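[1] output the structure for:
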Amino acid sequence: MVEVKIREGESLDEALKRFKREVEKEGILKLAREKMYYKSQSVLKKEKMAAIKRKLEIKRKKRELSKSKR
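    Just a heads-up that it's a prediction; the model follows:
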């Protein structure tokens, strides 16, 4: 759980910004959005495979780009 204590001389706005950064870093909002609606196992599997395909395609394009520069 994210906890932010207000430092001496720190405004509430600055502490709120630090809190938001910590929440973003921990991935709490992303997880909450993912769990907001039910997704079946087949949908999760398809999404995971699509993400893997995207990553592989990006790596392939980078490799081709580096070869063409030589």
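[2] pull out the buried positions in the one helix or strand in the chain whose mean pLDDT sits lowest.
    Between all helices and strands in the chain, the lowest mean by mean pLDDT, DSSP states H and E belongs to helix 28-34, at a mean of 91. Buried residues in helix 28-34, counted by 16 or more other Cβ atoms under 10 Å: none are found. From N, CA and C alone the C-beta is placed, and that goes for glycine too.
[3] just the CA atoms of it, as CSV, please.
    The C-alpha trace of helix 28-34 is given here as CSV (Å, rounded to 0.1, in the frame of the first residue of the first chain):
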residue,chain,number,x,y,z
ILE,A,28,-2.4,0.2,-8.7
LEU,A,29,-4.7,2.0,-11.1
LYS,A,30,-3.8,-0.2,-14.0
LEU,A,31,-4.7,-3.3,-12.0
ALA,A,32,-7.9,-1.8,-10.8
ARG,A,33,-9.0,-1.0,-14.4
GLU,A,34,-8.1,-4.5,-15.4
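[4] buried set for the longest helix seen in the chain?
    Determined from DSSP state H, the single longest helix within the chain is helix 41-69. For helix 41-69, burial by neighbour count (16+ other Cβ under 10 Å) applies to no residue.
[5] show me the domain layout of the protein.
    1-37, 38-70 (automatic domain parsing).
[6] so, low pLDDT: which residues of this structure?
    Applying pLDDT under 70 to the chain flags residues 70.
[7] who's in contact with the least confident helix or strand of the chain?
    Contact with helix 28-34 is made by 2, 23, as judged by Cβ atoms under 8 Å, 6 or more residues apart in numbering.
[8] thanks a lot, catch you later.
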